[in-house]
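Participant: Mind looking at a prediction? Sequence and model below.
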Amino acid sequence: MDASQPTSQTVAGPGLAARNRRDGWLMVAPAVILLLGLGIYPLVRALTLSFQRWELQSPEQPWVGLANYGEALRDARVWASLQHTLVIVVFAVTLELLLGFGLALLLSGDFPGKRVILPAMMLPVMMVPVVVGLTWRTLWDNQYGPINAVIGRIIGHPPNIVWLANQKTALAAIIVTDVWQWTPFMLLILLAGLTGVNPELYEAAALDGAGWWASLRDISLPGIAPVVAVAVLFRGLDAFKIFDLVFMFTQGGPGTSTETVSWYIYQLGFKFFRLSYASAVSFLILILLSVACTLYVGLFLRERTT
Amino acid sequence: MSESTKGNRNLPLHPSARWLEQSIASRRSVLKGAGAAGLAALGLGGATAAPRPAAASAVLQPEAARVARRLLQEGKDSATVAVEAAKALNPKPEVLNVVWEDALQLEDPKNFSGPMWEELTGIKINPIGKPFTELFPSQIAEHLGATGAFDVITMVPAWSPDFIAQGVVAPLDPYIDQYMNKADLDDYHPLYKSLMNYGGKVYGLFDDGDVIILYYRTDLFGDQQHKDAYKAKTGNELAPPQTWDDYDAIQAYFTEVGGGQTYGGASQRAPGQVYGWFTEEFRNRGGKFFDEATMDAQLASDPGVTTVAAMVNRNKTMPPGVETWGFMEVLTAWMSGQLAMIGGTWPPIGRWSEGTTAEQLNWVPQTQVAGKVGYSIMPLGHSLHNSGFQLAVSADSPSQDAAYLFCQWMTSPEISLQRVMLPYALRDPYRLSHYASEEYRARWASAPVYLDTLKAAADTALVDLIMPGAAEYNTAMDNAVTAAQAGTPADQAMKDGAAAMDAITDRIGRDKQKAAYAEFLKLKGSYYS
């Protein structure tokens, strides 16, 4: 632009620019206030709360520094709930990835009815988690549940497995239900990844005599690796927050054997109103997750994308 | 007010009660700056205003108080006084927000008492249903968030120390003095009257006699073949069990003859509920929650280990999967005739067993046991009063007079009798006049036995642990029992439970808890041995 030409600003003068800036701020103000009020401020307030001692039975709310964090690090239930959560995350996400990938391979080609089957398979993802919990609690019922009925048919007598009252089977039931609900999510992401792989690569490989396995190993898997990494990250983070199934199935029991991190924090904060300690545990977990995610991104995503 | 009542309510403040008062005051000041914001941080509520202080000195509405005084001088009952005083309120609230347990419980204020109160006083009742497990946290959260969302609070006696410490509920003594016909206080069963008092003050009007009793099938127990077979097997007469050993033998016998189709008995064993059954048997066997001197938890004692081992062993002759059974599962099995006994449950099951045509109960299985039900106090002689509701006034309510008057009207002898007799009622008898009501006793053939058993059970009932942190202690015991049910050795489960309880005590403070426990020990029904 010719510098001698007057701009709209110079034509209108500095007053208009100021008004524009002001109007701009006014227009974004509601969003900024909402963001600060509902996002940033609560986060900061929860952080400060974690340095206090605020409990239902405590008459004072003194500053206690890092005492809540120290207690959390020594709290066996924090570590136990973390362990239960990690078991769920590792088994559930691995199974979902394997099943999702298998299904994605099956559905990657064209076949009659694909437009009906694919959306139908997405139904579990769309279901309200509490409804999933209620439905599957019935399925796992030892007396009237279809799962025991099927097992009974196979082995010839009632199996009498009380799935949700046994420490090992309760956790397994949670994992299986999670896999049922979230495998379609993996399927969708991986299917999108597979569809994005250049078909000419397969054609070239076929011309070179590569078989199905070789194409899968050398073309499909490297092609969708970044997608897999992202899908695992998303699903892993989501599974780490598992709450609904624990709430509907076991309430963290028997004993505390299926207590997950979310459930424990919920108990601390919303049942026993140990708000400061619940905040501290939440931030501790947030820190752990952030470190894990950073490492994961560094190891898998950055390397893949470069 | 009678002298005895006056004496109760004017007790000098116990140290724990003084602490509670200080607690309320100091919390108020801190909450102004931090509390509501912190809750917002945790997503509990967006309000940033400090909660209104508990109504330590209630300001009664003069016109309503004048009307009440005149009517009380004329000897009118509490229900009439409540209605007339509510009509005289100025300003009179249009609506009272009443927190209530959800589902069937909600039918009473929604379809019966609420509309009746509105017709009588012009004040609409807005019942807000909450699942039982959410009642405690949601009411605390609304108070800490200073939302003023509730006028009438639903309070379980075991929650009262925490509710009072947080200033959730207003003391009712000034209102009782002003509005209640004191003869109606003496109509409360002594157990429930004593439960209304905490630290020398009344914070809730009792409204639900939740005493656990044992139910048994009179047709099976009266059957000569069963009597003979049982005697041949055990050497004892077949009769309602007086001890848990008796209970176990009878349950095992009927389970054996049931051949997998019917069972000797069942009890609630699901997480979140089973602690009640444990605390009853534990104390009947001589167990104590804490050592009075040290406040060390006593779960890992002989009574604790014996009780939990017996409970786990008893599960073996209950229906398979009983470890997940709550009230509904027991109800279903009982109503369909699958059980010879219920090893204790709440009173509604006794009424529903006799059949009901109430629309609200069309989900309850058709009874197969009508006319065949006997009632008994729990083995070893002391039933548990588990849960039970009180109606209280929210300290955050802008309409405390109206809220109190509604509570008084609801729990008055006349109205409460109608409510505990509703076919779909989940409120259970708690007034002496309820047990003696000719109308109630004529409801079905064995109703007099039912009511007499409920009263006898209340006469000697154990009460839930009532002290700060009760919900946490109960959860620790519940976790210990469910762990044992899932295979953890009984002694280890009890050691773990005791350690969890000790950690709670240490956190709240041994001295504080010692004072609070001493207060609990004064309650009728804390222990009997």
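Facilitator: Yes, it's here. Note that the structure is a prediction, hence the values are computed from the model and not measured. Numbers count the residues shown, from 1 in each chain, chains lettered A, B, ... in the order given.
Participant: Centroid-nearest residue for the chain?
Facilitator: As the question left the chain open, I've gone with chain A. A:Asp238 (0.8 Å; Cα atoms, centre = their mean).
Participant: please go with chain B instead
Facilitator: Central residue of chain B (Cα atoms, centre = their mean): B:Gly388, at 1.6 Å.
Participant: For it, give me its contacts.
Facilitator: B:156-157, B:192, B:195, B:206, B:208-210, B:430 (Cβ atoms under 8 Å, 6 or more residues apart in numbering or on different chains). Every residue, glycine included, has its C-beta placed from N, CA and C.
Participant: Mark which of these are part of strands, please.
Facilitator: If you go by DSSP state E, the contacts of B:Gly388 have B:Phe206 in strands.
Participant: ok, the closest residue to B:Ala480 other than its chain neighbours to B:Ala483 distance?
Facilitator: Closest residue in space to B:Ala480, ignoring its immediate chain neighbours: B:Gly497 at 2.8 Å, by Cβ to Cβ, 6 or more residues apart in numbering or on different chains. For B:Gly497, the distance to B:Ala483 (Cβ to Cβ, to the nearest Å) stands at 8 Å.
Participant: The closest residue to chain B within chain A: neighbouring residues, count only.
Facilitator: In chain A, no residue comes nearer to chain B than A:Gly255, which is 2.9 Å away by Cβ to the nearest Cβ. A:Gly255: 25 surrounding residues under other Cβ atoms under 10 Å in any protein chain shown.
Participant: Was I right to think it contacts B:Ala480?
Facilitator: Yes: A:Gly255 lies in contact with B:Ala480 (Cβ atoms under 8 Å); the separation is 7.2 Å.
Participant: Give the residues shared as contacts by those two.
Facilitator: With contacts taken as Cβ under 8 Å, 6+ apart, the residues that reach both A:Gly255 and B:Ala480 are B:493, B:496.
Participant: element containing B:Ala515, please.
Facilitator: Using DSSP states H and E, B:Ala515 falls within helix B:510-521.
Participant: And that helix, what does it pack against?
Facilitator: helix B:15-30 (3 or more Cβ pairs under 8 Å, 6 or more residues apart in numbering or on different chains; DSSP states H and E).
Participant: Setting the sequence-adjacent residues aside, check what's closest to A:Leu56.
Facilitator: In space, and not counting its chain neighbours, A:Leu56 is closest to A:Phe273: 4.0 Å by Cβ to Cβ, 6+ apart.
Participant: Report the secondary structure state of the one you found.
Facilitator: In three-state terms, and counting by DSSP: H, G, I helix; E, B strand; the rest coil, A:Phe273 is coil.
Participant: Point to the helix or strand of the chain where mean pLDDT is at its lowest.
Facilitator: With no chain named, the answer covers chain A. Lowest by mean pLDDT, DSSP states H and E among the helices and strands of chain A is helix A:8-12, with a mean of 52.
Participant: right, and the helix or strand after it?
Facilitator: Sequence order places helix A:14-35 as the next helix or strand after helix A:8-12, per DSSP H and E.
Participant: I'd like the next helix or strand past that next one.
Facilitator: With DSSP H and E, the next secondary element past helix A:14-35 is helix A:41-49.
Participant: looking only at pLDDT, what's the mean for the next helix or strand along the chain from that following helix?
Facilitator: Using DSSP H and E, the helix or strand that directly follows helix A:41-49 along the chain is helix A:67-74. The average of the pLDDT scores along helix A:67-74 is 96.
Participant: same question, stretch B:100-107
Facilitator: Mean predicted confidence for stretch B:100-107 is 93.
Participant: same question, stretch B:231-242
Facilitator: On average, stretch B:231-242 scores 97.
Participant: what about it, distance to the chain center?
Facilitator: 33 Å (Cα atoms, centre = their mean, to the nearest Å).
Participant: So for that stretch, first residue to last residue, what's the gap.
Facilitator: 16 Å (Cα to Cα, to the nearest Å).
Participant: just stretch A:29-48 next, same as before
Facilitator: 26 Å.
Participant: Stretch B:69-83 now?
Facilitator: Terminal-residue distance, stretch B:69-83 (Cα to Cα): 13 Å.
Participant: Any idea how far it is from the middle of the chain?
Facilitator: 29 Å.
Participant: repeat for stretch B:169-181
Facilitator: Worked out by Cα atoms, centre = their mean, stretch B:169-181 lies 21 Å from the chain centre.
Participant: Tell me the buried residues in that stretch?
Facilitator: Buried residues in stretch B:169-181, counted by 16 or more other Cβ atoms under 10 Å in any protein chain shown: B:169-176, B:178-181.
Participant: what does stretch A:283-301 give?
Facilitator: Buried-residue list, stretch A:283-301, by 16+ other Cβ under 10 Å: A:283-285, A:296, A:300-301.
Participant: do stretch B:240-256 as well
Facilitator: By 16+ other Cβ under 10 Å, the buried positions in stretch B:240-256 come out as B:240-241, B:244, B:246-255.
Participant: again with stretch A:183-196
Facilitator: Buried residues in stretch A:183-196 (16+ other Cβ under 10 Å): A:183-191, A:193-194.
Participant: I'd like the mean pLDDT over it, please.
Facilitator: Stretch A:183-196 comes out at a mean pLDDT of 95.
Participant: residues in contact with that stretch?
Facilitator: Residues contacting stretch A:183-196 (Cβ under 8 Å, 6+ apart): A:95-97, A:99-101, A:103-105, A:107-108, A:118, A:121-125, A:220, A:223-224, A:227-228, A:230-231, A:234-235.
Participant: Among those, which lie within helices?
Facilitator: Here DSSP state H is the test, and these give A:95-97, A:99-101, A:103-105, A:107, A:118, A:121, A:123-125, A:223-224, A:227-228, A:230-231, A:234-235 as lying in helices.
Participant: List the contacts of stretch A:62-69.
Facilitator: A:50-53, A:276-277, A:279-281, A:283-284.
Participant: Disregarding flanking residues, what is the spatial nearest neighbour of B:Ala476?
Facilitator: Distances taken as Cβ to Cβ, 6+ apart put B:Ala500 closest to B:Ala476, at 3.8 Å, once the chain neighbours are dropped.
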